[in-house]
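Q: my questions are about this predicted structure, shown below with the sequence.
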Amino acid sequence: MSEQLPRTVLDSLNLGLHKALVDDPLAILLGEDLLDPYGGAFKVTRGLSSAFPDRVLTTPISEAGITGIAGGMALRGLHPVVEIMFGDFVTLISDQVINHIAKFNNMYNGAATAPVVIRTPMGGRRGYGPTHSQTLEKFFLGVPGLTVLAPFHLLDDDPLGAPGGLLYEAILTSDSPVLFVENKLQYLLKLLTPADLVEYELDTDRSSAFYTLRMKSAPAAMITLATYGYMAHLALEALHRLAYEYEIFCELLVPTRLAPFELQPLFDSVARTGRLLTVEEGTFSLGWGAEVLARTAEALGAGLRQARRLAAKEGVIPVARELEAACLPGVDDIIARVREMV
Amino acid sequence: MHTDMELFRRLYRIRRFETVLLDHFKSGIFPGTTHVSLGQEANAVGVLAHLQEGDVAVSNHRSHGHFLAYGGDPQALFAELMGRPSGVCGGVGGSQHLHWRNFYSSGVQGGTVAMAAGMALAEKRAGNGAIVVDFMGDGTLGEGIVYECLNMISLWQLPVLIVLEHNHIAQTTPAKLTIAGRVSQRFETFGIPTAELDSSDILEIFPLAGTLISQVRVESAPRALIIHTERLGAHSKGDDTRPPEELENLWQFRDPIAIQAARLPEAERARIVDEVDADIQRAFEAALGAKGRS
Ligand SMILES: Cc1ncc(C[n+]2csc(CCOP(=O)(O)OP(=O)(O)O)c2C)c(N)n1
Ligand SMILES: [Mg+2]
């Protein structure tokens, strides 16, 4: 393994998988087109089949089958990691996840565990069109027994980088199944180093897996922005511009564990700011933001003075660049929405 | 030792369990629904008698016979069906979701084939010689995931015996309204050697299953066994739409308990019946008397 620190989210995830295969003899990867020299459609598994020829299994195009098989493997002691080539295809694995893997532990009264990790890239902005661009994890939030994770592009103090560290931990230590939500554009993001963050204050809450960012020595924040995954990158840019261009100061709350919901750092932030804007790349109705808002309202009552949600438009995601951009929330949309609110 | 008497005892034990269950169902002590294995007892006994320590059994919604033939405790199963804390899964899983030792069942058609395939992959990699037996019904041949898994089972040469209990009916729908082509081709087309048997006779099922299981074990490779069998009871509780003459005929010619009973001296048969009746009664009463949820 290289001694160098990972540079991008992609490097970090690849390192995390590599280290998991080194440290955990029970870990095994399954998915379509994983083998070198291709190394997976988005290259997250590049090099792994060469380093661990019998631990990386390339599979037929059978998403439900391989996910179900991973469930059986996990019941019998292995730690399978499944790659679903495009996040859109989680619909095909939903029965295996919801009715099988996530249930085994509870329905067998605690006598079995099924620690499957399912990784998949969600997200648009690459012109892949209606069936290869969606952000569908909202359908898996609130499934009893299922943990949903989404990495943040931070180097952190983990030699794997935060994304790889999160994935490594999920593979090695999680007893329950995990849906690990990656994002196609996030792969290419450079991990934020301390040098990148000189202007910011960063709090890390390990127990609830939240990061909080705000401008250093700025006036008190007037609004809490909450988002995750690739949108956290766009929201950070919005936070910076809002401060410099409009003197509007925000706190950005980035969870990396989306489910089960545990939002204390967010409640603490909203208790300070009184305002909450949630941002997500999935569609608007019944989304992540709806649940976050509901829980914040329940926790804070009148302490939540104002709340809005920003999300994708409810339609198909078009291929045409301008149409796709109009459909998905961007930096300007976040800025505009914040300015409406304060 | 699998003497005629012992095989009869095992068959009758399942029969008696299911009969007692059905007799008490109307009283309301069992929540929900249940699928009994009347008529299919010889499949469970004939196949699972060959399992060795470490082998895995995967079953479906019609799991009581499989569970008992695997060695499961009738008291724990009664308690599970009653929803008691002393049940196999503490009353959470119920009739269709059992797990004890290396026995697993689940109630979503088709998904159990994926479970079995994954388990066989795990056992193969562990290299301990264990095999997996997976029971499925003919109606379950309609599920797409079955074929994804048959392909991978063959591709990766997974040590699993798939037992298709072909009772020619799924709930109320006869197989001829849902299944095209020859059923054996569903397995053979993926390169899984397949044996087919039309019988409710334990003395035919038992040796064939034994041969196939030892092939799976020795070759670490899959096999399929299609047993043409007959469901003598309703699908679950009262949902049997078949004409009574048809059922009478089946009871007369395809009852595995009667077939095996005919081979025993009357006194032996009666003794086993009395012993099993008493055992199952004790199991039922003990389950009923066990502490409930207050
Ligand atoms: C995915 C799914 N669809 C429908 C059902 C409802 N259901 C339970 S058993 C059954 C019939 C199954 O027939 P078969 O596989 O032939 O097994 P048998 O009952 O004959 O033993 C049906 C439709 C189910 N449990 N799972
Ligand atoms: Mg059937």
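A: Cool, got the structure. Ligands and ions are numbered 1, 2, ... in the order given.
Q: is A:Glu182 in contact with A:Pro151, as I believe?
A: Yes - assessed by CB atoms under 8 Å, A:Glu182 is found in contact with A:Pro151 at 7.0 Å. Yep, even glycine has a C-beta here, placed from its N, CA and C like the rest.
Q: so for those two, which residues contact both of them?
A: Here A:Glu182 and A:Pro151 share the contacting residues A:Val9, A:Leu13, A:Pro163, A:Gly229, scored by CB atoms under 8 Å, 6 or more residues apart in numbering or on different chains.
Q: and the last one, how many residues sit next to it?
A: Burial of A:Gly229 is recorded as 28 neighbouring residues (other CB atoms under 10 Å in any protein chain shown).
Q: one more: B:Pro174?
A: Neighbour tally, B:Pro174, other CB under 10 Å: 13.
Q: one more: the one 5 residues further on?
A: By the other CB under 10 Å criterion, the neighbourhood of B:Ile179 contains 17 residues.
Q: do the same with the one 10 residues further on
A: Other residues within reach of B:Thr189, judged by other CB under 10 Å, total 15.
Q: the one 4 residues further on now?
A: A count of nearby residues for B:Pro193, using other CB under 10 Å, gives 16.
Q: the closest residue in space to it that isn't next to it in sequence pairs with what?
A: Leaving out its chain neighbours, the residue that sits closest to B:Pro193 by CB to CB, 6 or more residues apart in numbering or on different chains is B:Arg223, at 5.6 Å. Beta-bridge pairing for B:Arg223 (DSSP bridges): B:Leu161.
Q: pretty sure B:Arg223 contacts B:Glu196?
A: No - counting by CB under 8 Å, B:Arg223 stays clear of B:Glu196, with 11.7 Å between them.
Q: now the helix or strand hosting B:Ala195: mean pLDDT?
A: Using DSSP states H and E, the element containing B:Ala195 is strand B:194-198. For strand B:194-198, mean pLDDT is 98.
Q: adjacent strands (with direction) for that strand?
A: For strand B:194-198, pairing defined by DSSP bridges yields strand B:223-228 (parallel).
Q: which positions in the stretch 51-200 of chain A make contact with chain B?
A: When proximity is defined as CB under 8 Å from any CB of the partner chain, the stretch 51-200 of chain A approaches chain B at A:59-60, A:62, A:64-78, A:80, A:95-96, A:99-100, A:106-109, A:111-112.
Q: now the two most distant members of the shared contacts of A:Glu182 and A:Pro151.
A: A:Leu13 and A:Gly229 (12.8 Å; CB to CB).
Q: which neighbours do these two share?
A: In contact with both A:Leu13 and A:Gly229: A:Pro151, A:Glu182, using CB under 8 Å, 6+ apart.
Q: give me the more crowded residue out of B:Arg223 and B:Glu196.
A: Neighbours were tallied for B:Arg223 and for B:Glu196 using other CB under 10 Å; the higher tally belongs to B:Arg223 (23 against 16).
Q: who touches the more buried one in this structure?
A: So B:Arg223 contacts B:Leu161, B:Ile162, B:Ile192, B:Pro193, B:Thr194, B:Ala195, B:Leu212, B:Ile213, B:Gln215, B:Val216 (CB under 8 Å, 6+ apart).
Q: switch to 6 Å and redo it
A: B:Leu161, B:Pro193, B:Leu212, B:Gln215, B:Val216 (CB atoms under 6 Å, 6 or more residues apart in numbering or on different chains).
Q: among the residues you listed, who's most crowded?
A: The residue in the contacts of B:Arg223 with the most neighbours, by other CB under 10 Å, is B:Leu161 (26 neighbours).
Q: hey, where'd the helices end up in the chain?
A: Just so you know, I chose chain A. Applying DSSP state H to chain A gives helices spanning A:9-23, A:48-51, A:63-75, A:90-95, A:102-107, A:161-173, A:230-246, A:264-273, A:288-300, A:321-327, A:331-341.
Q: oops, I was thinking of chain B
A: Under DSSP H, chain B gives helices at B:4-25, B:41-48, B:64-70, B:74-82, B:111-126, B:144-155, B:183-188, B:202-219, B:244-253, B:256-261, B:266-289.
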